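>>> fold the following and give me the result.
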Amino acid sequence: MIRRRFVGGLLIGSLLAITAQGWSEPRGVDLAIRNNQLPSDQRVVRVRQGDEVSLRWTTDAPLTIHLHGYDIETLVSPGPAVVMKFSARATGRFPIEIHGRGVERTLGYLEVHPR
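Residues are numbered from 1 along each chain as shown. Purely as a prediction, here's the structure:
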C-alpha cells in the first residue's frame, strides 16, 4: 500500500511539473514612444516566465530599441507597429533602452516574474 501511494504521488507530481513548465501565455503589449518617452503607465511591462511576448512598438521618430537581458534590438520608425517577439525565459527586471539620433536613455523595464 505504501509503495502504491509513493508511485501514485510520483506520477501526479511529475504530471504537475510538466504542466507547469509547459504553461505559457501569449502576451501582446502596445507601446507608443513619443518625444523619446513612453507614457507613465507603459514604463513597466510585467509578464510571467514562459510567456510568449510580443511588444508592438510605434514611434514618432526613427530609433533603435534594445531589451537588455535578452539582448534584442529592434529598429523602429514612424508608421506601422514593429513587433519584438521572444519567450520570457530569464526572470528579473530588464531595462528597455532607446538608441539613435544622439539619444541614449532608458524607456522603461521588462519584469519577468517566476511561475
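>>> use CA for all of it now, contacts and neighbours both
OK.
>>> now do the helices in the chain.
2-22 (DSSP state H).
>>> low-confidence ranges, it, go.
Across the chain, the ranges flagged by pLDDT under 70 are 1-23, 101.
>>> how far away from the center of its chain is the biggest strand by length in the chain?
Identified as the longest strand of the chain according to DSSP state E is strand 103-113. Counting by CA atoms, centre = their mean, to the nearest Å, strand 103-113 is centred 11 Å from the centre of its parent chain.
>>> okay, now residue 35: neighbour count?
9 (other CA atoms under 10 Å).
>>> for residue 43, same thing?
The number of residues packed near residue 43 is 17, by other CA under 10 Å.
>>> next: the one 10 residues further on.
Applying other CA under 10 Å, we find 20 other residues in the vicinity of residue 53.
>>> as a check, name the ranges of all strands in this structure.
With DSSP E as the criterion, the chain has strands spanning 26-33, 44-48, 52-59, 63-67, 72-76, 82-87, 92-100, 103-113.
>>> contacts for the fourth one, please.
I take that to be strand 63-67. Under the criterion CA atoms under 8 Å, 6 or more residues apart in numbering, residues 72-77, 94-101 lie in contact with strand 63-67.
>>> 6 Å instead?
72, 73, 74, 75, 76, 96, 97, 98, 99, 100 (CA atoms under 6 Å, 6 or more residues apart in numbering).
>>> the longest one now?
Strand 103-113 has contacts (CA under 6 Å, 6+ apart) with 37, 43-49, 91-98.
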